[in-house]
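K.L.:
The following comprises the amino acid sequence and a computationally predicted model.
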Amino acid sequence: MLNEGKVVVNDGGPVAAAAPKPAAAAPKPLAAEAAPVAAASPAGAASSPAATLAAAFKLQDKKAEVLNNFKNYRVDMSVPTTPAFAVLGATPETILQPKAPRDLAVSLVQSLSNDDKLGKGVGFDIAPYMLAYGKTTSLQDYQMDGRIRALSNVQLSFGAIKQDAASGSVTRAAGGASFVLFDEGDPRNRGSALAGCFTKSTDEMLGDGSKLPPWVGDALKAQFKGEDPKPFMAEATKQLSAHFDKCRKQFKQATWNSTRWTGGLAQAVHNRGGGTHRGANGFWTTYSLNLNGDDHTDLSQRESEGRSQALFHYRRTNREEVASTSDPRGFMLRRGDMLALGAKYGSDTRNVSIEASWQRGRFDNGDTEKARKLAIGGELMVSKDLWLVVSIGGRGGQKNGNNSPFVLGGLKFGSSSESTGAFGP
């Protein structure tokens, strides 16, 4: 049963109605109305068939609220790379891969610096808009207001790494930001595959507006036998919540490699021997392409394993410190342009990647270089919100002669914002 002005349901999923924005008063939590079912059932639901039908229609009325609940579309994907690390040379991956931001995230890295001394770093990330307004943002706001959609996908970060270089101990810190320009796999998009899965589930469990679901007939039969029909309604809402959780799982499996386009920038400061000065700065953009080519609205028709993605990356950096044994300062400043290509293969919980990059650099002493790097890496979900990233490879063409193999690794942890069930608060 569809209420006018609340939602329009079509084959592509729910589309928030272009009605005037509702008052800012917080809606009553759905959980209090639909689970347990007794709260959603009128008084005397067990006393007459009419009351049972009334309870069924009342649950159908909840359909629009369930499908338009913004929190139902919060899905936790892999934790993204800390943007600040891009100008510190501390990212396990050469390519800053496009991913949806987490509300809060922490990254730990352990890498080899340019002079082969061990460096360790830590990074912190936040999605400021979602932290401040995520609990009050509606699906209609997100879909209709481009500013809200853009701000919801901004990630701010801070990172620091300490390295024992030939010229002495160096602490480098940076602040950065990344933003999503396009995301085909955003579950909150109008007509997304997740919305289609939710719509199919609610049609099955609550009815599609033209007929009542099968559990209503079972409840009426039980009532005619003198039994309580409430367990049938309770089971229906329980199954709907289970279906929603399954939809989220299928969505992550089928869209982790979606086509996306992101960008970012960062600025670093360095502390060397007690003096602090401006460090490297840069900007970058990455485009990922879904190589499976599937666009089925029905998530069950998509492959969940063996999915692949192509990656294209460009980065410009300025004032990047590069270790040097010939320069009296112990380092040179490089301005560089990097182009990188990559590919990933696997699933939403584990995948492998290969990356190749080429960089043209010019140093402040007039020297130039043409460097290259090849790396093979992997990403593994250790637990629900904890990820391990490892990369090994080699490089060549470095002006300072540091062309040795490398091993880079990191741990990434993100706060969980994913909803459970169908009637979350």
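P.N.:
Looks like it came in fine.
K.L.:
Show me where the stretch 51-200 of the chain dips below the pLDDT cut-off.
P.N.:
For the stretch 51-200 of the chain, the stretches flagged by pLDDT under 70 are 51-59, 111-119, 164-168.
K.L.:
would you list every one of the strands in it?
P.N.:
Counting by DSSP state E, counting those that start in this stretch, the stretch 51-200 of the chain has strands at residues 104-112, 118-126, 155-165, 168-183.
K.L.:
what about Thr255, neighbour count?
P.N.:
26 (other Cβ atoms under 10 Å). Where C-beta positions appear, they are placed from N, C-alpha and C, glycine not excepted.
K.L.:
Would you agree it is in contact with Cys197?
P.N.:
No. Between Thr255 and Cys197 there is no contact under Cβ atoms under 8 Å: 11.3 Å.
K.L.:
Would you mind measuring from Thr368 to Met332?
P.N.:
11 Å (Cβ to Cβ, to the nearest Å).
K.L.:
Can you pull the residues that touch both of the two?
P.N.:
Common contact partners of Thr368 and Met332 (Cβ atoms under 8 Å, 6 or more residues apart in numbering): Lys399.
K.L.:
Turn the strands of the stretch 51-200 of the chain into CSV, columns for mean neighbour count and distance to Arg74.
P.N.:
CSV is the format used below for those (neighbours: other Cβ atoms under 10 Å; distance: least, Cβ to Cβ, whole Å):
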stretch, mean neighbour count, distance to Arg74
strand 104-112, 20, 14
strand 118-126, 19, 16
strand 155-165, 21, 16
strand 168-183, 19, 14
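K.L.:
Below-threshold pLDDT in the stretch 301-425 of the chain: ranges please.
P.N.:
Looking at the stretch 301-425 of the chain by pLDDT under 70, you get 303, 424-425.
K.L.:
how close does Lys384 get to Ser415?
P.N.:
Taking Cβ to Cβ, one finds Lys384 at 11 Å from Ser415.
K.L.:
Likewise for Pro128?
P.N.:
Distance of Pro128 to Ser415, given as Cβ to Cβ: 13 Å.
K.L.:
One more: Asp367?
P.N.:
Applying Cβ to Cβ, the value for Asp367 to Ser415 is 45 Å.
K.L.:
before we move on, what about His277?
P.N.:
From His277 over to Ser415 (counting by Cβ to Cβ), the distance is 34 Å.
K.L.:
ditto for Thr349
P.N.:
From Thr349 to Ser415 the distance is 18 Å (Cβ to Cβ).
K.L.:
Three-state assignment for Glu235, please.
P.N.:
helix (DSSP: H, G, I helix; E, B strand; the rest coil).
K.L.:
Can you get me a residue count around it?
P.N.:
15.
K.L.:
How about Asn318?
P.N.:
By other Cβ under 10 Å, 15 other residues sit near Asn318.
K.L.:
Pull the contacting residues for it.
P.N.:
Counting by Cβ under 8 Å, 6+ apart, Asn318 has contacts Ala280, Asn281, Gly282, Arg335.
K.L.:
That one: which element?
P.N.:
Assessed by DSSP states H and E, Asn318 sits inside strand 307-323.
K.L.:
Please tell me how far stretch 378-392 is from the chain's geometric centre.
P.N.:
Relative to the mean C-alpha coordinate of its chain, stretch 378-392 is positioned 15 Å out (Cα atoms, centre = their mean, to the nearest Å).
K.L.:
Quick check: end-to-end length of it?
P.N.:
9 Å (Cα to Cα, to the nearest Å).
K.L.:
tell me which residues in it are buried?
P.N.:
Residues of stretch 378-392 classed as buried under the neighbour-count rule (16 or more other Cβ atoms under 10 Å) are Gly378, Glu379, Met381, Asp385, Trp387, Val389, Ser391.
K.L.:
any idea which helix or strand comes after the helix or strand the second one falls within?
P.N.:
Under the assignment given by DSSP H and E, the secondary-structure element containing Glu379 is strand 368-383. Past strand 368-383, further along toward the C-terminus, the next helix or strand under DSSP H and E is strand 386-396.
K.L.:
what angle separates that next one from strand 104-112?
P.N.:
30 degrees (axes from the mean of the first three to the mean of the last three Cα atoms, to 10 degrees).
K.L.:
returning to what we had before: out of Thr368 and Met332, which sits in the more crowded spot?
P.N.:
Shown here are Thr368 and Met332; by other Cβ under 10 Å, Met332 has more neighbours (20 against 10).
K.L.:
Just confirm the more buried one is within a strand.
P.N.:
Yes. When classified by three-state DSSP, Met332 is found to be part of a strand.
K.L.:
where's it relative to Val407, distance?
P.N.:
Per Cβ to Cβ, Met332 is found 25 Å from Val407.
K.L.:
What residues does Asn72 make contact with?
P.N.:
Neighbour list for Asn72: Val66, Phe198, Phe244, Ser419, Ala422, Gly424 [criterion: Cβ under 8 Å, 6+ apart].
K.L.:
What of Leu88?
P.N.:
With contacts defined as Cβ under 8 Å, 6+ apart, the neighbours of Leu88 are Gly121, Gly159, Ala160, Ile161, Arg172, Ala174, Ala268, Ala280.
K.L.:
Please apply the same query to Asp183.
P.N.:
Here Asp183 is in contact with Pro98, Ala100, Asn153, Asn189, Ser258, Arg260, Trp261 (Cβ under 8 Å, 6+ apart).
K.L.:
List the single closest residue to the residue nearest in space to the middle of the chain in space, sequence neighbours excluded.
P.N.:
Per Cα atoms, centre = their mean, the C-alpha nearest to the average position across the chain is that of Ala100, at 2.8 Å. In space, and not counting its chain neighbours, Ala100 is closest to Met77: 5.4 Å by Cβ to Cβ, 6 or more residues apart in numbering.
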